[in-house]
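J.: structure for this input, please:
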Amino acid sequence: MNKKPIIGILGAIASGKSMVAKELENRGCAVIDADVIAKEFLQTDDIKRQIREKFGNEVFDAAGQIDRKKLAEKVFNCYEAVKLANSIIHPPVLKKTEELIEQYQKDANVKAIVLDVPLLLEAGWEKRCNKLIFVRCDERLRLQRIAKKGVFDENQLKKRENFQISLDKKEKISHYMLDNNDGLSELTKQIGEIFPALISIA
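T.: Residues are numbered from 1 along each chain as shown. Prediction:
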């Protein structure tokens, strides 16, 4: 049985990687969303214990759950803290991702497997991918998106990006480029043009 291609999506924060993943899902691909998996693990006792030991009680809310915003504020100030947080969260997330890849490889209805993993390159997961897509998006639009979501501000965006591999490198190693500066219909059109090549094994 032919292996299904694994597609990785690269791009800056708020560039529209999840929009691309959603559109590929609409076309019959299985999407593995690392953020969703990470959120689930952050609610487990084991991860909570490790986070409490390394980052203290102040990153927890009154109900004893990890406050992701407070944790991010503490983590994105120092390379060592980012490394420490990743060393706790990445292994179980990547293990679960491997399990899902195996499951989707056996599913006859799945055309390809898409990894929507924010730190794909940083975690070395580009090696697991047959195809890499880079999503281009102007900083102005990205800042508008994060302001709309109200998750974090421009300053926090810069802080997070300081701990990531440069966009130039991500673009350079990608096989396909998508421009996400002109709205969803234009993005969908571009995805339609590259889709046959994405789902072929060659």
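
J.: beyond the longest helix along the chain, next helix or strand please.
T.: Longest among the helix segments of the chain by residue count, using DSSP state H, is helix 79-105. Remark: after helix 79-105, the chain's next helix or strand is strand 113-116, criterion DSSP states H and E.

J.: show me the contacts for Val75.
T.: The contact partners of Val75, taken as CB atoms under 8 Å, 6 or more residues apart in numbering, are Phe55, Ala81, Val82, Leu84, Ala85. Glycine gets a C-beta too; all of them are placed from N, C-alpha and C.

J.: residue ranges with poor pLDDT in the chain?
T.: Applying pLDDT under 70 to the chain flags residues 1-2, 150-157, 159, 162-163, 202.

J.: beta-bridge partners for Met177, please?
T.: Applying DSSP bridges to Met177 gives these bridge partners: Phe134.

J.: my read: it touches Leu167, true?
T.: No - counting by CB atoms under 8 Å, Met177 does not reach Leu167; the two are 11.8 Å apart.

J.: neighbour count: those two, which is higher?
T.: More neighbours surround Leu167 than the other of Met177 and Leu167, with 16 against 13 (other CB atoms under 10 Å).

J.: what is the longest helix of the chain packed up against?
T.: When contacts are defined as 3 or more CB pairs under 8 Å, 6 or more residues apart in numbering; DSSP states H and E, helix 79-105 packs onto strand 30-33, helix 34-41, helix 45-55, helix 68-75, strand 113-116.

J.: now do the buried residues in it.
T.: By neighbour count, with 16 or more other CB atoms under 10 Å as the criterion, the buried positions of helix 79-105 are 81-82, 84-86, 88-90, 92-94, 96-97, 100-101, 104.

J.: can you pull the contacts of Lys70?
T.: Applying CB under 8 Å, 6+ apart, the residues contacting Lys70 are Glu58, Val59, Phe60.

J.: same thing with Phe134?
T.: Here Phe134 is in contact with Leu10, Gly11, Lys170, Glu171, Ser174, Tyr176, Met177, Leu178 (criterion: CB under 8 Å, 6+ apart).

J.: so how far is Lys4 from the residue nearest to the fourth one when sequence neighbours are not counted?
T.: With sequence-adjacent residues excluded and distances taken as CB to CB, 6 or more residues apart in numbering, Glu171 is closest to Phe134, at 4.7 Å. Taking CB to CB, to the nearest Å as the criterion, Phe134 is separated from Lys4 by 21 Å.

J.: ok, Gly64 next?
T.: Gly64 sits at a distance of 40 Å from Lys4 (criterion: CB to CB).
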